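Chemist: Attaching a predicted model along with its sequence, questions to come.
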Amino acid sequence: MKTARKTITLSDGSKLTVRKLSAMDYIKAGVKTLPNLVGDGTEPKQGGEISQKEEQARLEFYEITMRAIAACGLRIIGQDGNKTALVYKPLDEVKDGEITMEELPEEDITKIAEAVASFSGEVGQKAIPFPVEAGQSGQPAQSG
């Protein structure tokens, strides 16, 4: 049986166990529909570039995935054994005992997103690379 959990080590040595996202995680995150990551039916642009529509779908998928991950109630376990709740909200709304994803180094956000996407098969893999720069409001940075 394939495991639905994976423990990853973050850049500061703390641990986080991620799991496959369920429909309930998306519901808790307020997601009603998922963007289409299969493509828009057009041929890839020269040089492997993706269309603007596909890029927008990836950004939407990133936002949805981060909200769903936060809805899982995951805890980062520090090297000292302290547990910190991983959340996805603006920095000014973070409470004691929480850390928002925008406070994490880019490499950690990418590692978390890739670990969760690895449970999602082809659709999850199409979403990589995720945009890794968080915006000021807890939103992914918009490119352009």
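Modeler: Yep, it's here. Computed from a predicted model, the values in this text were never measured in an experiment.

Chemist: For V94, which residues are in contact?
Modeler: 87, 100, 103 (C-beta atoms under 8 Å, 6 or more residues apart in numbering). Bear in mind the C-beta positions are built from the backbone N, C-alpha and C, glycine included.

Chemist: Out of these, which is nearest to L74?
Modeler: V87 (9.3 Å; C-beta to C-beta).

Chemist: In the sheet, which residues pair with the closest one? Tell me.
Modeler: T100 (DSSP bridges).

Chemist: what's around it, how many residues?
Modeler: 24 (other C-beta atoms under 10 Å).

Chemist: Wait, it touches M101, no?
Modeler: Yes - between V87 and M101 a contact is recorded at 7.4 Å, counting by C-beta atoms under 8 Å.

Chemist: Let me see the ranges of the strands in this structure.
Modeler: 5-9, 15-19, 75-77, 83-87, 98-100 (DSSP state E).

Chemist: re the thing from before, any common contacting residues for V87 and M101?
Modeler: Counting by C-beta under 8 Å, 6+ apart, the residues touching both V87 and M101 are A70.

Chemist: Check the offset of stretch 19-29 from the chain's centre.
Modeler: 12 Å (C-alpha atoms, centre = their mean, to the nearest Å).

Chemist: which residues touch it?
Modeler: 4-6, 34, 64-65, 67-72, 116, 119-120.

Chemist: can you rerun that using 10 Å?
Modeler: Stretch 19-29 is contacted from outside by 2-6, 31-34, 63-74, 88, 115-120, 124, using C-beta atoms under 10 Å, 6 or more residues apart in numbering.
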